[in-house]
Structure formats: C-alpha cells, structure tokens
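Trainee: Give me a model of this one.
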Amino acid sequence: MDYNSFYEILNQNIIMYMYIMIPIALIYFIAVKRQLYNVYDPLFLFILYSIGATTTNIFLYKLNYIKTDLIVQYVLTEIAFVVGLNIFKKINLEKIQAIIIYKKEDFELQKVVFIITSIIYIIAQLYVYIKIGIPMFYDQTEKSLIDMQLEAGKFTIILTGCLPILIYCGISNIMNSKKSKIQYKIYNISILIFVVISLVLSGWKSNFIIIVFIGFYYSIYMYRFLEDPKLVIRKIHKMSIKILGLAFISAILITAYRYTNCNYNEALDYIFHRFAISGDIFIYSYVNDSILNQVDSGNFITNLFGNLVFFKHWINAYSTDAVKANLGLQVFKIFKNVNYVSGPNPRHNFFGMIYFGTVGSIFYSFFIGVIIGFVRNKLYYKLPANIFGGIIYSSIAYYIIYAHIDLLSLCLGPIDAFLIIFITIYILSHIILKTSKQ
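Mentor: Residues are numbered from 1 along each chain as shown. Below is the predicted model of the structure:
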C-alpha cells in the first residue's frame with residue numbers, strides 16, 4: 001500500500017480512525033505518565049508518534065489490510081517497550097541537592113568550547129550549502145534530504161555532533177548572561193540565529209524542535225549544580241513556549257512550500273496525514289507482508305558497528321557489502337522504483353522482527369525501552385555535576401529517544417558523532433585555555 005492509497009482509505013473512514021485513536025491515546029498516556037515531566041519532554045512527542053503508528057496499524061487491521069499474527073506481534077512489542085521504559089523510576093527532582101555551585105573555571109572553559117564548536121559548525125554548514133546546495137529548496141523527486149546528507153558525508157557527522165553542544169551552550173549563555181560581556185552576548189545571539197536559520201533551511205520539519213528538547217534537558221540537569229534552579233526553569237519554559245510556536249509555524253511554512261504549492265489549508269491537512277503515517281514502515285511492509293522476506297538485513301553486529309564512525313572504516317575494509325542499507329530505505333526501494341534515497345524509519349517493532357523474529361522482537365523492544373529509561377533516569381546521576389556533564393546528558397538523552405524509531409541511523413550514529421566531536425573539542429579547549437593562562 002502506498003501513501004495515496006492509505007490517505008484515500010483514511011479519508012473514507014476518518015470517524016472510525018478517530019474512535020480508535022482516542023482510547024489508544026489514553027492508554028499510552030496512562031502507561032507512560034510516570035515517565036513524563038511536561039509537554040516539553042521529548043518523550044511526549046515520541047509517544048504521540050507511537051499513538052499515530054498504533055492507531056494506523058489497528059485501523060488497517062480492522063479493515064483487514066494487516067494479518068492477525070502481525071498485529072499481535074506489533075501490540076506485544078509495544079507493550080514490551082512500555083514495560084521496559086518503566087523499569088527505572090523517573091528522576092525525583094524535588095530530592096536532588098546541588099553537589100557543586102557553578103564554577104568560574106567551568107564558565108571560561110564553556111566559552112572556549114562554544115566558540116570552537118560554533119566556528120566548526122558555521123564552516124561545515126557553509127561548505128554544504130556551497131558544494132551541495134540548500135536542502136529546503138531542492139525538489140525531493142530528484143534528490144531527497146537523505147541523498148543530500150549522504151553526499152555531505154563527514155560534514156553531516158560534524159554538523160550532527162556540533163548541534164546539541166551549540167544549543168546547550170547557547171542556552172546556558174543566555175541563562176548566565178549577567179556573567180558575560182556585551183561582545184560575547186552579541187556573539188552568542190548571532191550563533192543561535194545562525195543555528196535557527198540552518199535548521200529551517202535543512203528542510204526537515206521536526207528539526208526545529210531540538211532546541212526545545214535540549215532546553216528541557218538543560219532545565220533538568222540544572223538541579224545537579226544550582227541551589228535554586230526554579231528561576232532558570234521558568235525562563236526555559238517561557239522560551240520553550242515561543243520556540244514551540246515558531247516550530248509549529250515553521251512546520252506549516254516548510255510543508256506548504258515543499259509539498260502543497262503554498263496552500264496552507266492543504267499543509268495542515270498534510271501534517272495530520274503525516275501524523276497518521278508515523279508508522280509508515282508498517283503501511284509498506286505489514287500490509288504487503290511479502291516485503292518482510294525481501295529485506296536484506298545482513299548481520300546485526302556488523303550493521304551495528306558499521307554505523308559507528310570508528311568501526312565503519314575497518315568493517316568496510318573487510319567487506320564493502322558487510323554493512324547493509326538502512327532497513328527502511330530498503331523497504332522503500334523494494335516498493336517503489338526510484339533513483340533517490342528515501343524511506344520510512346524502521347521502528348523497533350519492524351527492526352526486531354527482521355533481525356530476531358517474532359518472539360525475539362518482543363525481547364528486543366523490551367531492551368530498547370530499558371535502555372531509554374536507563375539513560376533518562378540513571379545516566380543523570382553518573383555524570384559530573386557541571387556544565388559538561390549537562391552537555392553529555394542532554395545530547396545522549398535526546399538522541400537515545402530515537403532508538404525506538406531507528407536504532408542505527410537516528411540513535412547510535414548521532415550519539416557516536418556527538419561523542420567524537422565533543423571529546424575532541426573539549427580536549428582542544430582545555431589546551432587552548434591552559435596555554436592562554438601561561
């Protein structure tokens with residue numbers, strides 16, 4: 001089944017779809033309410049995606065488009081994921097006591113980290129614009145956004161690694177602006193404006209929201225090293241409301257420009273339909289279940305390490321065919337005869353089914369839930385109580401959420417890129433700061 005066929009079925013049975021969606025939404029929010037902090041929590045948005053995917057699957061099952069064994073596998077993996085997610089209790093912020101008050105040395109080092117990261121980000125981004133083009137203005141029938149990312153190669157890795165560092169430091173600079181000179185304040189605002197513009201020009205409708213999510217984790221981590229973080233949190237929440245508004249407007253404008261010839265009513269309709277196909281991997285593969293046997297998954301371990309920068313070179317040297325294409329991209333290629341690279345995200349239910357079979361996929365989904373819960377609720381206590389612990393926690397906690405959508409490309413790949421970039425810049429900043437004081 002393709003998108004147009006699904007949209008036609010959805011429009012003909014919209015009341016039925018809504019009747020299915022409402023109880024599913026209630027079940028999800030009851031199941032995860034002990035993990036959610038507020039609407040700025042990244043988990044909130046990803047639960048909305050799960051509601052869309054589950055509603056669509058049950059909707060198609062009710063209309064006899066999906067077989068019983070596949071819908072049972074899907075439901076069991078979703079239950080396993082939610083159970084795993086709830087293994088570790090949510091952080092009790094009221095019981096957190098600041099370990100270390102904000103140090104001047106940390107602020108000075110943060111400035112150097114921010115400046116170096118911003119220079120690298122700007123150079124890499126401008127290089128991509130000059131050599132490859134601006135993604136926002138490309139016709140996706142000729143070259144997709146994924147095509148452009150692949151063409152950018154190492155520069156995509158650099159941008160992915162730098163982005164959360166810039167956002168976290170930028171927010172920290174705003175929250176601690178009284179400690180900065182006017183020149184640094186202007187520089188900080190200028191960099192954040194450049195980041196916002198680059199996110200809009202990226203062409204991805206959801207990219208803008210990373211600012212809100214990093215801001216959320218920033219406010220959470222403040223409890224580790226500020227005696228009274230509540231004032232900071234209020235500022236973050238006010239900023240987040242404005243950014244959410246801008247993100248919504250940006251999503252409509254990008255959608256209208258790229259997909260509906262600037263028809264804004266159709267753009268809103270398109271956004272609703274995109275919510276309905278949050279689980280588009282299932283529209284392709286569970287409806288046309290013969291596709292499940294056509295995917296070339298390869299070896300899980302090889303593909304796992306083959307998506308990490310450090311190991312990728314060695315694995316490709318061993319065999320150029322060792323690392324298989326993203327499962328979602330494969331499904332899209334099987335279903336459609338196109339030259340560009342695009343496709344749905346291989347959500348944990350589908351990913352687990354392909355690599356581990358029906359029973360194995362249930363355990364895999366449980367494991368993904370446990371990992372996300374651990375990073376959000378336990379890694380928090382394992383990192384140093386300072387600005388750099390906050391950068392690490394916020395970045396990894398942000399990217400780990402994508403594990404249930406696409407473990408390899410959207411989760412482990414970006415975490416790997418972030419760690420390489422951050423560690424390199426952190427060491428370099430230490431050397432520069434130490435040298436400047438001699």
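Trainee: What does V359 show for phi and psi?
Mentor: Per-residue torsions, V359: phi -70, psi -40 (degrees, to the nearest 10).
Trainee: To what extent is it buried, counted in neighbours?
Mentor: 11 (other CB atoms under 10 Å). Every C-beta, even on glycine, is put in place using the N, C-alpha and C of the backbone.
Trainee: And for S290?
Mentor: 8.
Trainee: Then A31?
Mentor: Quick note: A31 (other CB under 10 Å) scores 17 neighbours.
Trainee: Please tell me how far it sits from N57.
Mentor: Look at A31 and N57: by CB to CB, to the nearest Å, they are 17 Å apart.
Trainee: next one: K336
Mentor: 21 Å.
Trainee: which residues touch F81?
Mentor: Taking CB atoms under 8 Å, 6 or more residues apart in numbering, we find F81 in contact with 348, 365-366, 368-369, 404.
Trainee: Of those - the most surrounded one?
Mentor: S365 (30 neighbours).
Trainee: That residue is in what secondary structure piece?
Mentor: helix 348-377 (DSSP states H and E).
Trainee: quick one: A403 and C411 touch, right?
Mentor: Yes - the pair A403 / C411 is scored as a contact, 4.3 Å apart, by CB atoms under 8 Å.
Trainee: in the stretch 201-350 of the chain, which spans are strands?
Mentor: For the stretch 201-350 of the chain, applying DSSP state E, counting those that start in this stretch gives no strands.
Trainee: hang on, the earlier thing: closest one to I241 out of the contacts of F81, please.
Mentor: H404 (26.9 Å; CB to CB).
Trainee: What residues does that closest one make contact with?
Mentor: Here H404 is in contact with 46, 50, 81, 347-348, 365, 368-369, 372 (criterion: CB under 8 Å, 6+ apart).
Trainee: one more time with 6 Å, if that's ok
Mentor: 348, 368 (CB atoms under 6 Å, 6 or more residues apart in numbering).
Trainee: Look up how far V212 lies from it.
Mentor: Taking CB to CB, one finds H404 at 19 Å from V212.
Trainee: same deal with N293?
Mentor: 41 Å.
Trainee: between these two, who's got more neighbours?
Mentor: Applying other CB under 10 Å to N293 and V212 shows that V212 carries more neighbours, namely 23 against 7.
Trainee: re the thing from before, I'd like the contacts of F81 as a markdown table, with pLDDT appended.
Mentor: Shown next, in a markdown table, are the contacts of F81 (pLDDT from 0 to 100):
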| residue | pLDDT |
| --- | --- |
| H348 | 93 |
| S365 | 95 |
| F366 | 96 |
| I368 | 95 |
| G369 | 95 |
| H404 | 91 |
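Trainee: Reformat those as JSON lines; add distance to Y286.
Mentor: JSON lines is the format used below for those (distance: CB to CB, whole Å):
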{"residue": "H348", "distance to Y286": "14"}
{"residue": "S365", "distance to Y286": "15"}
{"residue": "F366", "distance to Y286": "20"}
{"residue": "I368", "distance to Y286": "19"}
{"residue": "G369", "distance to Y286": "21"}
{"residue": "H404", "distance to Y286": "17"}
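Trainee: Tell me, please, where in the stretch 201-350 of the chain the pLDDT is lower than the cut-off.
Mentor: 203-207, 226-232, 237, 239-240, 242-276, 309-324, 337-343 (pLDDT under 70).
Trainee: Just the CA atoms of stretch 75-82, as PDB, please.
Mentor: As requested, C-alpha coordinates have been extracted for stretch 75-82 and formatted as PDB (Å, rounded to 0.1, in the frame of the first residue of the first chain):
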ATOM      1  CA  VAL A  75       0.900  -5.000  20.100                       C
ATOM      2  CA  LEU A  76       3.200  -7.300  22.100                       C
ATOM      3  CA  THR A  77       6.300  -5.400  21.100                       C
ATOM      4  CA  GLU A  78       4.600  -2.000  22.000                       C
ATOM      5  CA  ILE A  79       3.700  -3.500  25.400                       C
ATOM      6  CA  ALA A  80       7.200  -4.800  25.900                       C
ATOM      7  CA  PHE A  81       8.700  -1.400  25.000                       C
ATOM      8  CA  VAL A  82       6.500   0.500  27.500                       C
END
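Trainee: For it, list every residue counted as buried.
Mentor: 76-78, 80-82 (16 or more other CB atoms under 10 Å).
Trainee: Pick out the most distant pair among the residues you listed.
Mentor: L76 and V82 (11.0 Å).
Trainee: doesn't V375 make contact with I400?
Mentor: Yes - here I400 reaches V375: they are 4.4 Å apart, a contact under CB atoms under 6 Å.
Trainee: I'd like the average pLDDT over the helix or strand containing A124.
Mentor: Using DSSP H and E, A124 sits within helix 104-131. Helix 104-131 carries an average pLDDT of 87.
Trainee: which stretches of the stretch 1-150 of the chain have low pLDDT?
Mentor: 3, 97-103, 135-150.
Trainee: so where do the helices sit in it?
Mentor: Secondary structure of the stretch 1-150 of the chain (DSSP state H, counting those that start in this stretch): helices at 3-12, 14-32, 42-62, 68-85, 104-131, 145-152.
Trainee: Kindly present those as JSON lines, with separate columns for distance to S190.
Mentor: JSON lines is the format used below for those (distance: least, CB to CB, whole Å):
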{"stretch": "helix 3-12", "distance to S190": "40"}
{"stretch": "helix 14-32", "distance to S190": "39"}
{"stretch": "helix 42-62", "distance to S190": "27"}
{"stretch": "helix 68-85", "distance to S190": "39"}
{"stretch": "helix 104-131", "distance to S190": "9"}
{"stretch": "helix 145-152", "distance to S190": "24"}
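Trainee: G360 is nearest to which of those helices?
Mentor: Nearest of the helices of the stretch 1-150 of the chain (CB to CB): helix 68-85, 10.2 Å.
Trainee: quick revisit: of the helices of the stretch 1-150 of the chain, which is nearest L419?
Mentor: helix 104-131 (13.8 Å).
Trainee: in the closest one, what counts as buried?
Mentor: In helix 104-131, counting by 16+ other CB under 10 Å, buried: 106-107, 109-118, 120-122, 124-125, 128.
Trainee: Now do the contacts for Q73.
Mentor: T358.
Trainee: any idea how far it lies from N288?
Mentor: Counting by CB to CB, the gap from Q73 to N288 is 16 Å.
Trainee: what distance separates the helix or strand containing Y426 from the middle of the whole chain?
Mentor: Element membership of Y426 [criterion: DSSP H and E] is helix 413-436. The chain centre lies 22 Å from the centre of helix 413-436; the measure is CA atoms, centre = their mean, to the nearest Å.
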